[in-house]
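Provided below for reference: sequence and predicted model.
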Amino acid sequence: MQAKVSDFVAAGVLGSEKNAATTLTSWHLMVTFFTLYVAQRLHFFEPKAIDARTVISFGLLNGISIGLLNLCLGFNSVGFYQASIH
């Protein structure tokens, strides 16, 4: 099996390859949250009301979409997966 540069970067930055994806995702979510929080405090956004049903529907649809994409990736090669989403 051939090692990739990203494996070494993930191992070096994140501590171990075992939890690299989870750690990187956590960092991404924290940085996104704090960036959006600062942007909100600086009034880059205008608050608007949105009903809970729309938010829940979007969340469910997004979750199902991610689940189906991961299922597709589990049964097919990465190349096929990338070709199928574009």
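Done, it's in. Numbering: from 1, shown residues only.

When you work out contacts or count neighbours from here on, use the C-alpha atoms and nothing else.
Noted.

Give me the phi and psi for residue 32.
phi -60, psi -50 (degrees, to the nearest 10).

what number of residues lie near it?
11 (other CA atoms under 10 Å).

Let's see the pLDDT reported for it.
At residue 32, the pLDDT value in this model is 94.

Buried residues, the helix or strand harbouring residue 40. List them.
For residue 40, the enclosing helix or strand under DSSP states H and E is helix 20-41. Within helix 20-41, the residues scored as buried using 16 or more other CA atoms under 10 Å are 20, 23.

Domain parsing of the protein, as residue ranges.
1-47, 49-86 (automatic domain parsing).

So what's the model's average confidence on the last one?
Mean pLDDT, taken over the full extent of domain 49-86, equals 84.

642 is where my numbering starts, stick with that
Renumbered: residue one is now 642, and that last one reads domain 690-727.

so where do the strands sit in the chain?
For the chain, no strands are identified by DSSP state E.

Centre-most residue in it?
By CA atoms, centre = their mean, the chain has its centre lying nearest to residue 666, at 6.3 Å.

What's the separation between that residue and residue 673?
10 Å (CA to CA, to the nearest Å).
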